[in-house]
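turn this into a structure:
(4 chains)
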4 protein chains.
Amino acid sequence: MLGNFNVRTDLALEAKEDCDAQKISVRGVAVQEEKDEKREIYTTTVKISTENGAKAMGKPVGTYITIEAPNLSIPDEGYHREISKEVARHLKDLIGKEKKSIFVVGLGNPDITPDALGPEVVGNLHITRHIVREYGQLFLKEKESREISSLVPGVMAQTGMETLEIIRGVAQETSPDVMIVIDALAARSTKRLNRTIQITDAGIYPGSGVGNHRSAINRKSLGIPVIAIGVPTVVDAATIVNDTMFHLVDAMDESENLKNLGGTLKTLNREEKYQMIREVLTPNLNTMFVTPKDIDETIKRISFTISEGINIAFA
Amino acid sequence: MLGNFNVRTDLALEAKEDCDAQKISVRGVAVQEEKDEKREIYTTTVKISTENGAKAMGKPVGTYITIEAPNLSIPDEGYHREISKEVARHLKDLIGKEKKSIFVVGLGNPDITPDALGPEVVGNLHITRHIVREYGQLFLKEKESREISSLVPGVMAQTGMETLEIIRGVAQETSPDVMIVIDALAARSTKRLNRTIQITDAGIYPGSGVGNHRSAINRKSLGIPVIAIGVPTVVDAATIVNDTMFHLVDAMDESENLKNLGGTLKTLNREEKYQMIREVLTPNLNTMFVTPKDIDETIKRISFTISEGINIAFA
Amino acid sequence: MLGNFNVRTDLALEAKEDCDAQKISVRGVAVQEEKDEKREIYTTTVKISTENGAKAMGKPVGTYITIEAPNLSIPDEGYHREISKEVARHLKDLIGKEKKSIFVVGLGNPDITPDALGPEVVGNLHITRHIVREYGQLFLKEKESREISSLVPGVMAQTGMETLEIIRGVAQETSPDVMIVIDALAARSTKRLNRTIQITDAGIYPGSGVGNHRSAINRKSLGIPVIAIGVPTVVDAATIVNDTMFHLVDAMDESENLKNLGGTLKTLNREEKYQMIREVLTPNLNTMFVTPKDIDETIKRISFTISEGINIAFA
Amino acid sequence: MLGNFNVRTDLALEAKEDCDAQKISVRGVAVQEEKDEKREIYTTTVKISTENGAKAMGKPVGTYITIEAPNLSIPDEGYHREISKEVARHLKDLIGKEKKSIFVVGLGNPDITPDALGPEVVGNLHITRHIVREYGQLFLKEKESREISSLVPGVMAQTGMETLEIIRGVAQETSPDVMIVIDALAARSTKRLNRTIQITDAGIYPGSGVGNHRSAINRKSLGIPVIAIGVPTVVDAATIVNDTMFHLVDAMDESENLKNLGGTLKTLNREEKYQMIREVLTPNLNTMFVTPKDIDETIKRISFTISEGINIAFA
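A predicted model of the protein is given here:
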């Protein structure tokens, strides 16, 4: 399993593809696809229902909705509006009408461009909790608004605290019915970067996100449902190098050029190949990430699309 | 008493001056001055020890140290270093050696220049809590470092939550020994703007700060000692107009020009004068503030001076 | 004339009102009003056509369009869209179809919230010059796009250079057909703050804007037409105090309370009153400005409205 | 030559190492090393004196000073002070005393963390040009200050203009004696990232910098001497993958594991190997960059170190 080789994806969709590629059977995992060719929005729902499935996938039990929108990183207001509505639809499905107060948390480091997605989303939300609290049921009834509150907790290097400590404390003090956490994710390959939105009721698990959370942020650790919205904005540098080298070694196996070498790399098993690759890897590569050069514009657009999705759903 | 006329200062020093100006006797309030002419640093300590004193002053019981440094808003590294040391000295006095974990909170709105003081201070702190927690007593003993954690909670319009709710929740979850809150204050007059640092163990009381906190942030509401560091960076627009007009009316009483008017404003009592002034005041003036045109540079320098003070004291 | 008393407005509309209030006849100045009660958008066009008119008004010859929109500082997407269209309409009128390349300059200090209007507007523009230059006439014809370029020159304290030096240099190098400069203005009274957009072909004259430009930015200094878009976001602190005090002194003249004083302030002429007021003014007040406490949200909304106006007109 | 394979470094030092590795003789290139073991600062001066040397190195004729400081990305005030002094010393050497006015340009995109180095440096400079101009020779003589001006021109996607167009226009208008441009660079390998400062009198050449400048910024294009200060803050994603794969292929040549394959990769020439690698490379990799996860703190520290260097040298 690639997981052994410290290769990482936060997308359930990619984890499923890995399993399929390696012909690992994943019982307890159901996949459903929905293709809207006209609007160019592709939705895949991965449901992990058993602990076995969770183990195989390397992800906790839960529903993972992946919206793939090839033009998400391109400026096109109409298209982005469609995706906002799609996000709103899924959020409404996952969060019932009876949840009146929603606490939205923008995870990530606002000072690192591809990690600023969460803070940027929160900056565009319509915050209503303090208004609803002041004007009471009247306001609530007339506008059918929920109580929206939000926080940008920062990252551990800035606060000295675990994200979980901060948001659990605030949640216990303010008693929201449900939490939405938004985070920049790491993808396995560059092809899904900035064009995919994952919405899940499984929360955020340790090691995910650009900044690698240490503690799970989920129903169990917080006592309320936690919906996580994530967009892959980086690929781990180690992952991208690893993957490309595996492709290279595989390609060499197939290569016409190398046929006449008389022997073949196929005689090496996966573990031997991995050893060989490992030796040449730059050691500090796993403290690095890969991201596109226009990430500033991309983050601005996608964060606006997501915050509009939340605003449409609840404000 | 001017307080009746909704004129506001967050500085105990100014409150004392008001009482003196109006010849209100303030029992239970002791004042001690310290003038360092050479370094041009003037320190006044106002101790409010009784509830009567607190009522007269319009400030809760506690010790209020005011450091006046005329050149605080001017670029001069050596001078600022001296003030940082002075801040460090007072913080160490107020916070005993036995307090091992310190939670620093940067109050205010990072997006409004004169209110960004708190967030800016926090951005320059040496955060150590997560390191101490990881490397344990060894690290703590060798370096004598305390556990410093920090948070920028934002303001209610951004979060939908009271500042108190956020920081109480986080404090309950992380159990610091003491809290330091940093906030931009409103002064009565422009002459103390950006050249005064107030350090108090009374915390932050409702209505203080640029953004007007609703709930007290103090030992009573948080269960741990709360040290507040404040710098007046704005004057309320209503205050500045009010005050100037009182000066005008007073000046007219004394005016040589007006002597020949035959009568005098002196026949009006204070309340009548206030009525007269009130009628001409722009109604929305109390949603406005006054601040210097170079507030960006000033906030940058003063916030650095304060964060260095905290770093010297505890890091 | 109030101008003598160092009271300042950047709005031609307010200058006209001042002249009217003081019954100064202003030949060479024509005013035309347009009230759209349904959309709550009020447009006043002040045309200064002679040097005499310019002198009386304290503003250079030119056309000054003032859009007053009471809800401009309130969140309401539909309403803001209408104002964007209104801005676009006036820009198209002032800038003919034959102007193919437009250089948009965001004046002001990005680090001071109410002065950040210009930089914020520029941040939301669709920049096309480099694309048009790369893909040529084809792109230009099909989309009818103009070449939009932009710059945020910063302020003199940051650059050491006059704004005029920077933008004249860049304009000479890149040869645009027309320049649009966006700037935060100072209003006379708080009532027009953040609800008024002034569009003029007279450029920016010395002493206007929050940061007080030293040199005129106009057709004469730049050699191409200069359209200025301005929004009053601050009132000079000296102005607000001055004005309120004049109101006070006027009110005292009329006051029933003061009738029995036997004499009256009316015996003082304007100059004497001014002297009296001047004596009590805080000396450093003219280095200060007054701005609303929610200026961060307001600037965000208005700058987006203006940039959409420019995008609608030309992109 | 590796240059053919589109592998890129902005460091003359790395270009020299490449030539050495490939045993390309580089006449017209002189190298001088200076090791300060005590202070852990290593300085290498590469002088390219002929066009032949320039061609071999892929860099224009000029002097390239590389300061390697392993702890540059670590918080240590004293150490950083030493590096600032070192930067100041070289700047003074390269820029004679007779150059009275210095125009400092912060290249790069302020919204992309590793590219924000230039803008951050400029933000901490002591700007004096406008003060010197106002107070004249007196000020200049007494303090021996130079006229420092600065600009953050932004990037083409934001301005629609070439950086060269902007700064040439401003330079022609303000006539500085010398220009200093600061830019984030791309390194070949991660080992020099954020620990190396290159100072050169060769300016910035096309294709260098994180954002890939199109036009040379040098004495020829600007008419005045141009000193470039650069710090490698990213590695091109394509470069890191390319390089690692070359190492892999080389390692396979040497591998004990593969000896028994009967044949060897050595039978492939460099071009054939490159073809093989090229096939497996993700196509959009050259629109991506690799950077460390703590790049926010690193940029903050290094930019301060450089701006202090400039301040020490000239303010």
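
other SSEs contacting the helix with the most length in chain A?
What stands out as the longest helix in chain A, according to DSSP state H, is helix A:295-314. Helix A:295-314 sits against helix A:77-94, helix A:117-123, strand A:226-236, with contacts defined as 3 or more C-beta pairs under 8 Å, 6 or more residues apart in numbering or on different chains; DSSP states H and E. From N, CA and C alone the C-beta is placed, and that goes for glycine too.

the first one: which residues count as buried?
Across helix A:77-94, burial judged by 16 or more other C-beta atoms under 10 Å in any protein chain shown covers A:79-80, A:82-88, A:90-91, A:94.

show me which of these is closest to chain D.
Checking the buried residues of helix A:77-94 against chain D by C-beta to the nearest C-beta gives residue A:80 as the nearest, at 18.7 Å.

thought that closest one was touching residue A:301?
Yes. Taking contacts as C-beta atoms under 8 Å, residue A:80 lies within contact range of residue A:301: 6.7 Å.

intersection of neighbour lists for the two?
Shared contacts of residue A:80 and residue A:301 (C-beta atoms under 8 Å, 6 or more residues apart in numbering or on different chains): residue A:72.

got the phi and psi for residue A:44?
phi -120, psi 130 (degrees, to the nearest 10).

now the residue in the stretch 101-250 of chain A positioned nearest to chain C: closest residue in space, sequence neighbours ignored.
In the stretch 101-250 of chain A, no residue comes nearer to chain C than residue A:126, which is 7.7 Å away by C-beta to the nearest C-beta. What sits nearest to residue A:126 in space, not counting adjacent residues and going by C-beta to C-beta, 6 or more residues apart in numbering or on different chains, is residue A:315, at 4.0 Å.

could you measure from that neighbour over to residue A:129?
Distance, residue A:315 to residue A:129, by C-beta to C-beta, to the nearest Å: 11 Å.

the two: which is more packed in?
Taking other C-beta atoms under 10 Å in any protein chain shown, residue A:315 and residue A:129 do not tie; residue A:129 has more neighbours (23 against 17).

from memory that one sits against residue A:149, does it?
Yes. Using C-beta under 8 Å, residue A:129 is in contact with residue A:149, at 4.2 Å.

please enumerate the shared neighbours of these two.
A:101, A:174, B:160-161.

inside helices: which ones of those?
Those of the shared contacts of residue A:129 and residue A:149 lying in helices (DSSP H): residue A:174.

nearest to residue C:153 among the shared contacts of residue A:129 and residue A:149?
Within the shared contacts of residue A:129 and residue A:149, the smallest distance to residue C:153 is 37.6 Å, found for residue B:160 (C-beta to C-beta).

need the pLDDT of that closest one.
On pLDDT, residue B:160 comes in at 96.

can you pull the contacts of the residue of the stretch 1-150 of chain A found nearest chain B?
Scanning the stretch 1-150 of chain A for the residue nearest chain B gives residue A:129, at 3.2 Å (criterion: C-beta to the nearest C-beta). For residue A:129, the contacting residues are A:101, A:147-149, A:174, B:160-161, by C-beta under 8 Å, 6+ apart.

nearest residue to it in space, please, no chain neighbours.
residue B:160 (3.2 Å).

end to end, how far does stretch A:94-102 reach?
Taking C-alpha to C-alpha, to the nearest Å, stretch A:94-102 runs 13 Å from one end to the other.

all helices for the stretch 1-150 of chain A, in order.
A:12-21, A:51-57, A:77-94, A:117-123, A:129-143 (DSSP state H, counting those that start in this stretch).

can you list the residues of the stretch 101-250 of chain A near chain D?
Proximity of the stretch 101-250 of chain A to chain D, by C-beta under 8 Å from any C-beta of the partner chain, involves residues A:109, A:111-113, A:157, A:189-191, A:210-211, A:237, A:240-241, A:244-245, A:247-249.

can we see that at 7 Å?
A:109, A:111-113, A:157, A:190, A:237, A:240-241, A:244-245, A:247-248 (C-beta under 7 Å from any C-beta of the partner chain).

looking at the residues you listed, which are in strands?
Of the positions in those, not one sits in strands, assigned by DSSP state E.

partner residues bridging the spatially most central residue of chain A?
Centroid check for chain A by C-alpha atoms, centre = their mean gives residue A:230 as the closest residue, at 3.0 Å. When assigned by DSSP bridges, residue A:230 has beta-bridge partners residue A:183, residue A:198.

appreciated, that's everything.
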